[in-house]
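A.B. asks: Fold the following for me, if possible:
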Amino acid sequence: MPRRIGLLTLPLTNNYGGLLQAAALTQTLMRAGHHVVLFNIKWYRPPAKAKVVELLERIPGQNIGGFRGKEMERQPHYPFIRKFIPNVSANLRGPKQLAEAVERHKLDTVIVGSDQVWRFKYHGDGQHGNFFLGFLGDRPTRRISYAASFGVDTWGHPDHTARISDLLGKFDAVSVREGSGVRICAEDLGRSDARVTLDPTLLIDPGFYDEVVETAPASKTPTVLAYVLDKQDLAKSVGEKAVAALGGKHDLRQIRPGSGADATDVPTWLRAFMDADVIITDSFHGTAFAILFGKTFVAIPNQSRGLERFVSLLDAVGLPERLLTDDDESRAETLLTTPIDYGPVTAKLDALRAESKRFLEDALRDEA
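C.D. replies: Alright, predicted model coming up:
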């Protein structure tokens, strides 16, 4: 039976991976026949202050508090959101508005995930319980987590353990994105049946991405792509060495988030990954797309952003050596000039995709 699903993830900003994983899970559910509403969650502010903030986001020619600037960063992505996440709620701040949205949209199911939705440092004040669906109270709403990530390999929140354990105990089905999340659920939060599932970007039929890039022009020259947020000097140096080692026939292309007219929109960002021959990235989702599109790549993560997600994904598909944690440029050059045999990788990814789809189908199935 088709369900009416509310999808809760981190707020949509100019984060390409965050936008694509939300769209991928939305489209996976919609193409299975379900109605999906994305909760447009905002960090909690008193109502009067929230109205002022929303006004400042709209007024051009100023950037008081940085609110207009953040809105300008989001604007290039609105066409993508409208096309692939067609049902987005009004702004929701705090548990009361989230609960009201469940009633207003007549939702019978809420799914939390994916991305680092269970990493406390990414929650606004008072939001921890919301991401464990505490706003549902005693409603009979079906509760599911899909590929939820703690972002790190330890729990680290003893003051919240009792409450979060109680909330997680009310879930009908629990899946996490990393193997360490299974251990945290079992050992710290009393939930021993958690499963690992693929990030939604890897769950959806890869043909979806042909639809996403329809509006983006294809690259006219072979490229080495660097999408690196933190270690940009390292990425440039490694990229230049890779171009030289590959015979000098490639262009080095560097992409960074921007705003307004300077921003790379989602289709153009994704097309860059699709067209590149070699990829250097410190992004988890950049790594996921390098694997999905069968590219030669190296991942150079900033450990403070979350190393565990890279380790879990690369171990799962048999590519742990592609993780560069020591900034060794010589090893990076070797990796970038050594093609990957994607036969075994694709086989593992296909099996993980099938398992993940079964989890989601079973979690949404009517109980006998």
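A.B. asks: Does anything pack onto the lowest-mean-pLDDT helix or strand in the chain? Which helices or strands?
C.D. replies: Here the helix or strand of the chain ranked lowest by mean pLDDT, DSSP states H and E is helix 303-306, holding a mean of 74. With contacts defined as 3 or more CB pairs under 8 Å, 6 or more residues apart in numbering; DSSP states H and E, helix 303-306 has no helix or strand neighbours. Quick note: C-beta positions are derived from backbone N, CA and C, even for glycine.
A.B. asks: Can you name the residues in contact with the next helix or strand after that helix?
C.D. replies: The first helix or strand that comes after helix 303-306 along the chain, using DSSP states H and E, is helix 308-316. Contacts with helix 308-316, where a contact means CB atoms under 8 Å, 6 or more residues apart in numbering, come from 116, 149-153, 177-180, 196, 199, 284, 287-288, 291, 299, 301, 320, 322-323, 348, 352.
A.B. asks: So which residues of the stretch 101-250 of the chain form strands?
C.D. replies: 109-112, 142-148, 173-176, 195-196, 223-227 (DSSP state E, counting those that start in this stretch).
A.B. asks: Count the neighbours of residue 341 for me.
C.D. replies: Neighbourhood size, residue 341 [other CB atoms under 10 Å]: 8.
A.B. asks: In contact with it, which residues?
C.D. replies: Listed by CB under 8 Å, 6+ apart, the contact set of residue 341 is empty.
A.B. asks: Apart from its chain neighbours, what residue comes closest to residue 35?
C.D. replies: Nearest non-adjacent residue to residue 35, counting by CB to CB, 6 or more residues apart in numbering: residue 4, 4.8 Å away.
A.B. asks: Take the strands of the stretch 101-250 of the chain and write them to JSON lines, including mean pLDDT, mean neighbour count and distance to residue 58.
C.D. replies: Shown next, in JSON lines, are the strands of the stretch 101-250 of the chain (pLDDT from 0 to 100; neighbours: other CB atoms under 10 Å; distance: least, CB to CB, whole Å):
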{"stretch": "strand 109-112", "mean pLDDT": "98", "mean neighbour count": "24", "distance to residue 58": "29"}
{"stretch": "strand 142-148", "mean pLDDT": "98", "mean neighbour count": "26", "distance to residue 58": "33"}
{"stretch": "strand 173-176", "mean pLDDT": "98", "mean neighbour count": "24", "distance to residue 58": "38"}
{"stretch": "strand 195-196", "mean pLDDT": "97", "mean neighbour count": "19", "distance to residue 58": "42"}
{"stretch": "strand 223-227", "mean pLDDT": "94", "mean neighbour count": "25", "distance to residue 58": "31"}
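A.B. asks: Any chance of the ones you listed in JSON lines with distance to residue 246 as columns?
C.D. replies: Output for those, formatted as JSON lines (distance: least, CB to CB, whole Å):
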{"stretch": "strand 109-112", "distance to residue 246": "43"}
{"stretch": "strand 142-148", "distance to residue 246": "35"}
{"stretch": "strand 173-176", "distance to residue 246": "38"}
{"stretch": "strand 195-196", "distance to residue 246": "35"}
{"stretch": "strand 223-227", "distance to residue 246": "7"}
